[in-house]
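Chemist: no FASTA, just this:
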């Protein structure tokens, strides 16, 4: 359990660091990014950047769209993700969950997944 907690904290911290770098590269303040993403305040962006807030898939897609990058560009490489070997099963469950979303959210989720897939490059042959 302790290893899992440490891994999750590291993933959130890594996401936050990438998010902050991308935001600064886009020359946006936290308040400007919060407005573009539809968050309540700059404090929420700060929480994501400090690894204190766990982004949903849809929030990640909104950050990516606001920053003009792929959602995959905000995520750590799969090789650094603990349990990467079970990613296909977890991805399948995620895709199955798209059916329960409203159409707009489903389109956003599919776009996010496509961006992630494009960022991964070709799979094993």
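Modeler: That came through, no problem. Remember, predicted model here, so these are calculated numbers, not experimental data. Numbering: from 1, shown residues only.

Chemist: show me where this protein dips below the pLDDT cut-off.
Modeler: Residues of the chain that meet the criterion pLDDT under 70 lie in 1-4, 77-93, 95, 116-125.

Chemist: and after the lengthiest helix in the chain, which helix or strand comes next?
Modeler: Across the chain, the longest stretch assigned as helix under DSSP state H is helix 2-25. Note on helix 2-25: by DSSP states H and E, the next helix or strand toward the C-terminus is helix 30-37.

Chemist: show me what the helix or strand just after that following helix packs onto, helices and strands only.
Modeler: Once the chain leaves helix 30-37, the next helix or strand it forms, by DSSP H and E, is helix 42-49. With contacts taken as 3 or more CB pairs under 8 Å, 6 or more residues apart in numbering; DSSP states H and E, helix 42-49 sits against helix 2-25, helix 30-37. The C-beta positions use only the backbone N, C-alpha and C, and glycine is treated the same way.

Chemist: please work out which of those helices is packed deepest.
Modeler: helix 30-37 (a mean of 18; mean count of other CB atoms under 10 Å).

Chemist: if we can go back for a sec, of the helices and strands packed on helix 42-49, which approaches residue 115 most closely?
Modeler: Closest approach to residue 115 among these is made by helix 2-25 (13.5 Å; CB to CB).

Chemist: could you name the helices and strands sitting against the closest one?
Modeler: Packing partners of helix 2-25 (3+ CB pairs under 8 Å, 6+ apart): helix 42-49, helix 57-67.
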